[in-house]
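Generate coordinates for the sequence data below:
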Amino acid sequence: MNRRNRNNYLSIAAVRAIGLDFIEMLEETNRRSITDRNTLCDIYNKEFRDRDGGVKDPNFSRVIFALRNGSKARLSRSGRHVYFNTNVRIRLHDQWFRPCRRQQNQTTPALGNVSSLSATSVPGPGDGVRGRRRLAKDILQRLNTTDRSFFVADKYGVQVSSGLYMESGKIQISVDRADVYELKLFVENTGQDAVYFTYYTALRWLQYFTLEDSRRVTRNNPLRLEPREKYEVTVRFKSSHVGVYSATLAFEFKQNTQTTSRPFHIVRFIEVEYRTKLAALLGPTEPYKPLRLNISEPENCKVDEGYPPEGYVQNFLENVLPLGKYTPPPDIPELAKLLKDGCSSRILRGKFGELQSLLQSPLGFHNYAERFDLLLYLEECQMHVDIKRYNRDQVTLLKDYDKRLLVLNLPGVSENRPSVLRGDHLLLTKSEEVSFSTVTKYKGYVHKVELDRVKLGFSRRFLEHVYVDKMKFRVEFTVNRLPLRLQHRAVHMAVQHGLGDVLFPVGSRSLNSASPPALRFFDQQLQRNPEQYSAVCHIVAGTSKPAPYLVFGPPGTGKTVTIVEAIKQVENNIPGACILACAPSNSAADQLCEKLITSQHVDARKIYRLYASSRDPNAIPKFLKNISNLEGEMIVFPCKEDLMCYKILVSTLVTAGRLVTGGFPVGHFSHIFVDEAGHAIESETIICVAGLLNAETGQLVLAGDPKQLGPVLRSPLAINHGLDVSLLERLMTQNDLYKKDDMEFDKCYVTKLLLNYRSHPSILKVPNELFYDGELVACANEISSNQYCTWEHLPKRGFPVIFHGVPGKDERESNSPSFFNIFEIEIIVDYLKKLLLTQAKRGISRISPRDIGIIAPYRKQVEKIRRAIKSDEDLEKHMCIEELKVGSVEEFQGQERKVILVSAVRSSKEHVDLDETFNIGFLKNEKRFNVAVTRAKSLFIMVGNPTILRTDESWGRFIDFCFEEGGYTGISFTSVEGLEEVERRLLALNIQNESVETEESAVQQYVNPEWRHDY
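Residues are numbered from 1 along each chain as shown. Reported below is the predicted structural model:
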């Protein structure tokens, strides 16, 4: 490259760094207050620009543009004045002005004596922002080829020490108050010859540290250290924000002053933890030691059959179409192992090659059943591994008042970790026989679940001849295979019944002859909403047949009420219509049913809620019991003829499979509705379709949002090959009928709802722009959505969005790999107390804990937040505090709260790649970001590390938005210097990041989600 034109090739970040150097020069020469653009331009051109060996820097206008682009400068309206960001401050004594190159043997005057500096003085080439950059790059390059221990070691007789304990060059300090903390570093020459201390710096911009030495050492003002001479460098730290603050300091030395003398460096890492008593309480209980799961099985195993529950289900629905076992082939675990660890590009031979080819082939109707079979087998294989996380050793059982039952205490069962339902079974092995090659496993059927207690029924032989009081067992959990078996059957029946035009529709856009009728809505508010009105009319008209009709419902747009109105209109306007309404979960199905009967527009006698035999009667809402198959405490399945008398049947997707087994005729249901269709994998959705829907005459309606989270899956192989894609998402992303044409959807096939009735406009803005093409319109009730616009703790009045920057620390404990961040918990608890303990101040009404939600991506963070709330005297005694929900994003999907607080947890770059690879955490997962933000109605508070989160496009946009609108608080951060990555990589050298080979999925290890129980 022509050196004269090098500035034409500089990136905007590089030009910005030059601008920061210029600001630094102004600071050190007491000219920072100058704002006149012409004066600054003269200083830049005459004193600054031509100082690097005759190679000119970019012109002044380009530098100002780069600084403005990075929010480091702004222009007055007239353009005559330049104002530099006050956050750009000089924290390090990197001397700027040096004598002219012909005077380099002279010393530099003190900073305070600015008047003695020559106007022609130019800065030395090695200091300032770019000087630190060059040094950082040099150190990083050498770290890649040099042993780190050598790099941080004292050498050539020079020692850099402090009075504190230091390990591998790292000095850790803990403070518990916001006072200035002072650390003395001693540079000592213990050798026989003099050395020159030439330079020291932090390798990135420091906001909370200052460095100082009495002689102001620089490369142009080196300090000669005689043998046994010691020199002091002072590091001061001060912050009013809790967190972890890190600095990487590089010290440079030469053995003589000759220009040919090669410098050597010593690096020190400083980490300051500013924590309170709460942080000390929540810290790791014991050092993290990765758990290696024991997944081996005994060579010979005999199962002693247990005592299943009786009398809790009565079945009059005959098994006309028996359900097969669909047992995974024995070579599936071997296939998973061969394709693991990045080996999926490897070409396999024989039967494994055929399976690999099927896995990598695109989904089509020709391979529909076979491909889903394989994906489901892979997922089941991982489920069997993950469930072992809950196995327990040395467990005792208690006798129940019912002598046929034993009671097992199982903490976590109440939260479905794991899921244990009535009719499921567990396996017990005597503890002393666990390592035997031949063992007997005793099957215990679940009769009742009471919070964290499970009542189990074992064989009479076990109770009378094996079990004795205080005997210890290993408890093994098992996977409920029923939903998997139903999915296998469904994908095969989809092919058998010729559902190709439903699953892979090829109709022509806008050529459908059917026109939507003019309807009079039961819900007048929906009739005034153009998109909801259009969706219902097209569903009633059947304009998409045989293709499914999609209702694309972004957060808070009334997707479910639209489906309910459509069901009522179909029942009212189409003679002979029979409707099956389904959802993935019981809660969503109950909500559908509730809205249908409370509207009183449909005779409740025409509606029937069908529950699974495993459903706990106590979990069934009272207002649905009279129209359901619950009779007393017993689940009853009526005969087919009785069920077919109802106009509207409501069930979960899985329970709908019972209708197929019962022999419901194909085409009995004219319309099948699936709400929350984005939450179910495609094969689960098909359970309610295959064997029930007539492909030619029936209408399938799917409602959901492909931009929100889908189902929780465990197998990375199954996820990577598309099992996590719902039918709704596949159609919208891969089928032309459901894609935009000329910026619009074809309303004959899909309607996108646009009016958001949930969130304040500021909360909605970023998700709307990122995921919904900016088309959503905030229509929430102003009194509700503006409730916190006057809250005294907002950084900016009228803007109910907060990003609170915290430089936290990722931690783990015991054998749990899940992460937690106690510094973020402190901030979360502080905000929670401000919300709950403020009694109707300044026009803000009192808020109930049930109106607040706290979201965290990792299970351990959820547990620590709950513990922090319980340990706080004021919060613990607050009325109804138990109604405050703390959970993962998945647990909040489909819900809303007045106030949402989110803890991001992540503060270490070295773990970010893990999040992206395994689709956990907030980073690199735009769906999780979208769901988290859009749960809030009136106030959204995000707590996290801005440096880490800004590496993600979605969070970066959100943080910038908060910063621009005045909603940012907490630690200040710079986005332009570009050395954060160097800092993190250097600090990562001190972290022993355990890598333990395990068969357990990353989702299970880090997130530990609920196991599906809602069938």
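
Once you drop chain neighbours, what's closest to Arg897?
Gly853 (3.9 Å; C-beta to C-beta, 6 or more residues apart in numbering). The C-beta positions use only the backbone N, C-alpha and C, and glycine is treated the same way.

isn't the one you found right next to Glu891, touching?
No - taking C-beta atoms under 8 Å as the definition, Gly853 is not a contact partner of Glu891, at 9.2 Å.

So which of those two has more stuff around it?
Taking other C-beta atoms under 10 Å, Gly853 and Glu891 do not tie; Gly853 has more neighbours (23 against 16).

Can you tell me the element the more buried one falls in?
Secondary structure assigned from DSSP states H and E places Gly853 in strand 852-855.

list the helices and strands that strand packs on?
Packing partners of strand 852-855 (3 or more C-beta pairs under 8 Å, 6 or more residues apart in numbering; DSSP states H and E): helix 822-836, strand 885-887, helix 889-892, strand 897-903.

Now do the second one, average pLDDT.
Yep, that's strand 885-887 we're talking about. When pLDDT is averaged over strand 885-887, the result is 93.

other SSEs contacting it?
strand 852-855, helix 859-871.

ok, 6 Å please
In terms of contacts (3 or more C-beta pairs under 6 Å, 6 or more residues apart in numbering; DSSP states H and E), strand 885-887 is packed against helix 859-871.

Pull the distance from the helix it packs on to the chain's centre.
In terms of C-alpha atoms, centre = their mean, to the nearest Å, the centre of helix 859-871 is set 18 Å apart from its chain centre.

returning to that earlier point: so the residue nearest to Arg897 makes contact with Leu884?
No - applying C-beta atoms under 6 Å, one finds Gly853 not in contact with Leu884, separated by 8.0 Å.

Quick check: end-to-end length of stretch 662-680?
In stretch 662-680, first residue to last residue: 23 Å (C-alpha to C-alpha, to the nearest Å).

buried residues in it?
Neighbour-count burial for stretch 662-680 flags 662, 664, 666, 668-680 (criterion: 16 or more other C-beta atoms under 10 Å).

thinking again about what came up before, if you average pLDDT over the strand holding Gly853, what comes out?
Here the average pLDDT along strand 852-855 is 96.

List of residues touching it?
Strand 852-855 is contacted from outside by 865, 884-886, 889, 892, 897, 899-902, 932, using C-beta atoms under 6 Å, 6 or more residues apart in numbering.

and with 7 Å instead?
Residues from elsewhere that reach strand 852-855 (C-beta atoms under 7 Å, 6 or more residues apart in numbering): 828, 835, 865, 884-889, 892, 897, 899-902, 932, 935.

picking that back up, which among the helices and strands packed on strand 852-855 is found nearest to Arg460?
Distance to Arg460, taken as C-beta to C-beta, is lowest for helix 889-892 among the helices and strands packed on strand 852-855, at 40.9 Å.

Of the buried residues of stretch 662-680, just say which sits nearest to Glu310.
Nearest to Glu310 out of these is Gly662 (C-beta to C-beta; 21.7 Å).

What pLDDT is listed against the closest one?
So Gly662 comes in at 96 (pLDDT).

do the same with Asp915
53.

thinking again about what came up before, what is the distance between the strand holding Gly853 and the centre of its chain?
Taking C-alpha atoms, centre = their mean, the mean C-alpha location of strand 852-855 is offset from the chain mean by 14 Å.

Report the strands that pair with that strand, each with its relative direction.
strand 885-887 (parallel), strand 897-903 (parallel) (DSSP bridges).

Buried residues of the first one, list them for me.
Neighbour-count burial for strand 885-887 flags 886-887 (criterion: 16+ other C-beta under 10 Å).

Stretch 225-241 too?
Buried-residue list, stretch 225-241, by 16+ other C-beta under 10 Å: 225, 231, 233, 235, 237-239, 241.

from those residues, which is closest to Asp874?
Among the buried residues of stretch 225-241, and counting by C-beta to C-beta, the member closest to Asp874 is His241, at 21.8 Å.

Three-state assignment for the closest one, please.
What DSSP: H, G, I helix; E, B strand; the rest coil gives for His241 is coil.

quick one: pLDDT of it?
Reading off the confidence values, His241 has pLDDT 84.

Repeat that for Ala904.
Reported pLDDT for Ala904: 92.

which residues touch it?
Contacts of Ala904 by C-beta under 7 Å, 6+ apart are 922, 943-945, 949.

Counting neighbours, what do you get for the residue nearest to Gln360 when sequence neighbours are not counted?
Setting aside the residues directly before and after it, Gln360 is nearest to His721 in space (C-beta to C-beta, 6+ apart), at 7.3 Å. Around His721 there are 21 other residues, counting by other C-beta under 10 Å.

likewise Glu571?
Using other C-beta under 10 Å, Glu571 has 20 neighbouring residues.

again, but for Tyr772
Applying other C-beta under 10 Å, I find that Tyr772 has 21 neighbouring residues.

residue ranges of the helices in the stretch 201-350 of the chain, please?
Secondary structure of the stretch 201-350 of the chain by DSSP state H, counting those that start in this stretch: the helices cover 277-282, 332-338, 350-360.

a markdown table for the ones you listed, including mean neighbour count, mean pLDDT and distance to Ala490?
A markdown table is the format used below for the helices of the stretch 201-350 of the chain (neighbours: other C-beta atoms under 10 Å; pLDDT from 0 to 100; distance: least, C-beta to C-beta, whole Å):
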| stretch | mean neighbour count | mean pLDDT | distance to Ala490 |
| --- | --- | --- | --- |
| helix 277-282 | 16 | 84 | 46 |
| helix 332-338 | 16 | 87 | 20 |
| helix 350-360 | 14 | 86 | 19 |
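
Please identify which of those helices is closest to Tyr445.
Ranking the helices of the stretch 201-350 of the chain by proximity to Tyr445 (C-beta to C-beta) places helix 332-338 first, at 27.2 Å.

Does anything pack onto that closest one? Which helices or strands?
When contacts are defined as 3 or more C-beta pairs under 7 Å, 6 or more residues apart in numbering; DSSP states H and E, helix 332-338 packs onto helix 350-360, helix 368-386.
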